[in-house]
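Colleague: Predicted model and sequence follow; I will ask about them next.
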Amino acid sequence: MKITEQQVRYVAELAHLRLSDQEVQQLARDLDEILSHMEKLNELDTENVEPMAQVLYEAGETATLREDCEQPTIPPEIALANAPLAGAGYFKVPKVIDK
Amino acid sequence: MNLASLTIADIQKGLRLKQFSAVELTEEALKFAAAENPKTNAYLHFCQERALRAAQGVDEKLARKEDPGPLAGVPVAVKDVIVTKGVRTTCASKLLASYIPPYDATAVIRVEQAGGVILGKTNCDEFAMGSSNENSAFGPVRNPVALDRVPGGSSGGSAAAVVQGTAVVALGSDTGGSIRQPAAFCGCVGVTPTYGRVSRYGLVAFASSLDHIGPMARNVTDAAILLKVIAGRDERDATSAFAPVADYPALLEGDVRGTKIGIPKEYFQGLAAEIGDPIQRAIDQFARLGCELVDVSLPHTEYAIATYYIICTAEASSNLARYDGVRYTTRAPGVTTLTDMYRQTRGEGFGAECKRRIMLGTYVLSHGYYDAYYLKAQKVRTLLTQDFRQAFEKVDALITPVSPFPAFRLGEKLSDPWQMYLSDIYTITGSLAGIPCMSVPCGWTADGLPVGMQILARHFEEAAMLRLARAYERATCES
């Protein structure tokens, strides 16, 4: 399989990454090489193997659930302190819907 | 007082005998670190005020004859992917260059409650992605043992600080070897605990099913003391384990006679002699200590790198989606639409390796490829984990190399990402299985570069693992 520049641009769109033409060329080469190494996994028959969805199974299913009680949270003005743009208690973003 | 050789025990003794106060020690340590740091670029920034405040707290407790805690006055470095309230946390990324977290990581809180004094935040690969520390937006770290070489990664700054003596111990993070490999490259002890042993609350997420926080230190005892402080269930991290925390420092000095140590043959095939010989001498040392050596096989080892780089990039692509220009300090200038804001901010903000991993992860999760890559990798992860389970039916611990080569030169592997990924070949298997593993210095190459051996143990058997490491250290480093 060969990763094309067109595929790279498509994936970059999914990942919301703006790439330069040079980056697209480089990533096509890198992804192609790396993915070809990953083909190695196809040597293994995993038909009857369960995927590892949890790293540890030491506790019962509900062991990590806690009482649902009110706890202090970070106040809005502090949560917004790192925002590039904020106002009136909200994160501000470019306009999404045109009237 | 030589900061570069101080142990936690030395500091406790000095404070008790009033040879120095915690504030005096901290002032000295900050001065020393600021003077030495330009050699390696290990620290990104210091937090002098916070350090002095912590030290003052220790001195006040001592004056009131209260127990100041097991880390009283100990200068600690914290990898800059672990958040510190009010102290800049950048993840070595341009995107977070001015991010000031509104809360502390649990590990940070526990270090300070134990009397530890956090001096500053250490350099690393951007978002902990890398094996050489060359992916930092704020310049690479240099290996304190050989300044023209990398310190390893991604916790390269933490390893360098500990070896250089600008910290006594450090917190690192490990996803596929990021504590153990830099520990081996710089010549210190690095511990990756069992998955869930140490809370990740406040560790900036890279690959959530693989991320760990762990201690780095100049000796096994100091690592054990720090591990005990940070380990244990934390309600704020649902993946943190309920299992009781052993008294690691108290259990260190036990006899290791009769311990069964497995030597997995897959880890030694084709291994260069400059790494293999010191490891073999370490294994011989364990035999002399009365351990029983057993040949074992972990047959799926050769599939680990592919498995790891599918799972970790998939998880990373999801975890890094939050850096979108809305919440975390940086937004590309001049954007007029929402989509533009996302794309431009991320395109300008992430470095090359982060982009590569986001792209790989997005690709393997994308429509039509999920089963072929991600699901397949999760299945092979089961097989890799079963390999360990079967081995640990026969043996109590495993010994392997940490890295196939010693610290390489800056720039040497930058042009070939797959070659760089191979740095992790011996460390990622333990990460995928979630078992405790550690790197212990075990000798030098002919060029004078440190070599590390890796000890791996069963889930939650950190005490047994540390005891083996300490037995080796006692037999080789002390008269």
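Modeller: Received the coordinates, thanks. Since the model is a prediction, treat every value here as computed from it, not as a measurement. Numbering: from 1, shown residues only, chains lettered A, B, ... in the order given.
Colleague: got the end-to-end distance for stretch B:130-138?
Modeller: 14 Å (Cα to Cα, to the nearest Å).
Colleague: does any bit of it sit next to chain A?
Modeller: No - no part of stretch B:130-138 sits near chain A under the criterion Cβ under 8 Å from any Cβ of the partner chain; the closest distance found is 13.9 Å. All C-beta spots, glycine's among them, are computed from the backbone N, C-alpha and C.
Colleague: Contacts made by that stretch with the rest, please.
Modeller: Contact with stretch B:130-138 is made by B:41, B:44, B:90, B:92-94, B:97, B:123-126, B:129, B:140-141, B:150-154, B:156-157, B:177-178, B:181-182, B:351-354, B:408, B:410-411, B:413-414, B:420-421, B:423-424, as judged by Cβ atoms under 8 Å, 6 or more residues apart in numbering or on different chains.
Colleague: Please go through those and note which also touch chain A.
Modeller: B:352, B:421.
Colleague: Taking the contacts of stretch B:130-138, please make a ChimeraX selection of just the buried ones.
Modeller: Provided next is the ChimeraX selection string for whichever of the contacts of stretch B:130-138 are buried by 16 or more other Cβ atoms under 10 Å in any protein chain shown:
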select /B:41,44,90,92,93,97,123,124,125,126,129,140,141,150,151,152,153,154,156,157,177,178,181,182,351,353,354,408,410,413,414,420,421,423,424
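Colleague: Identify the residues contacting the residue minimising distance to the centre of chain A.
Modeller: Centroid-nearest residue in chain A: residue A:15, 7.9 Å away (criterion: Cα atoms, centre = their mean). By Cβ under 8 Å, 6+ apart, the residues touching residue A:15 are B:317, B:346, B:358-359, B:362.
Colleague: ok, now residue B:59?
Modeller: B:21-23.
Colleague: Ranking by neighbours, what's the top pick from the residues you listed?
Modeller: Among the contacts of residue B:59, the one with the most neighbours (other Cβ atoms under 10 Å in any protein chain shown) is residue B:22, at 28 neighbours.
Colleague: That one against residue B:56, yeah?
Modeller: Yes - the pair residue B:22 and residue B:56 qualifies as a contact (Cβ atoms under 8 Å) at a distance of 7.4 Å.
Colleague: With adjacent residues omitted, what lies nearest to residue B:364?
Modeller: residue B:373 (3.7 Å; Cβ to Cβ, 6 or more residues apart in numbering or on different chains).
Colleague: Kindly report the same for residue B:317.
Modeller: residue B:361 (2.9 Å).
Colleague: Now do the buried residues in stretch A:76-94.
Modeller: Under the neighbour-count criterion of 16+ other Cβ under 10 Å, stretch A:76-94 has A:80, A:82-84, A:86, A:93 buried.
Colleague: what's the most distant pair in those residues?
Modeller: The distance between the two most remote of those (Cβ to Cβ) is 14.7 Å, for A:82 and A:93.
Colleague: in chain A, which segments are predicted with low confidence?
Modeller: A:1, A:57-64, A:99 (pLDDT under 70).
Colleague: contact partners of the longest helix seen in it?
Modeller: Criterion DSSP state H: the longest helix present in chain A is helix A:21-38. Around helix A:21-38, the neighbours that count as contacts under Cβ under 8 Å, 6+ apart are A:1-5, A:7-9, A:12, A:19, B:305-306, B:309-310, B:352, B:355-356, B:359-360, B:363-364, B:373, B:417-418, B:421.
Colleague: Apply the buried test to these and list what passes.
Modeller: A:3, A:7-8, A:12, A:19, B:305-306, B:309-310, B:355-356, B:359-360, B:363-364, B:373, B:417, B:421.
Colleague: Restricted to helices, list those.
Modeller: Judged by DSSP H, helices contain the following of these: A:7-8, A:12, B:305-306, B:309-310, B:355-356, B:359-360, B:363-364, B:417, B:421.
Colleague: Can you give the distance of the lowest-mean-pLDDT helix or strand in chain B from its chain's centre?
Modeller: Here the helix or strand of chain B ranked lowest by mean pLDDT, DSSP states H and E is helix B:417-421, holding a mean of 87. In terms of Cα atoms, centre = their mean, to the nearest Å, the centre of helix B:417-421 is set 19 Å apart from its chain centre.
Colleague: How about residues contacting it?
Modeller: A:30, A:33-34, A:37, B:130-132, B:305, B:309, B:353, B:356, B:413-414.
Colleague: before we move on, the earlier item: was I right to think the residue nearest to residue B:317 contacts residue B:321?
Modeller: No - contact between residue B:361 and residue B:321 fails when scored by Cβ under 8 Å: they sit 10.0 Å apart.
Colleague: so what's residue B:89 up against?
Modeller: Here residue B:89 is in contact with B:80-83, B:96, B:99-101, B:121, B:204 (Cβ under 8 Å, 6+ apart).
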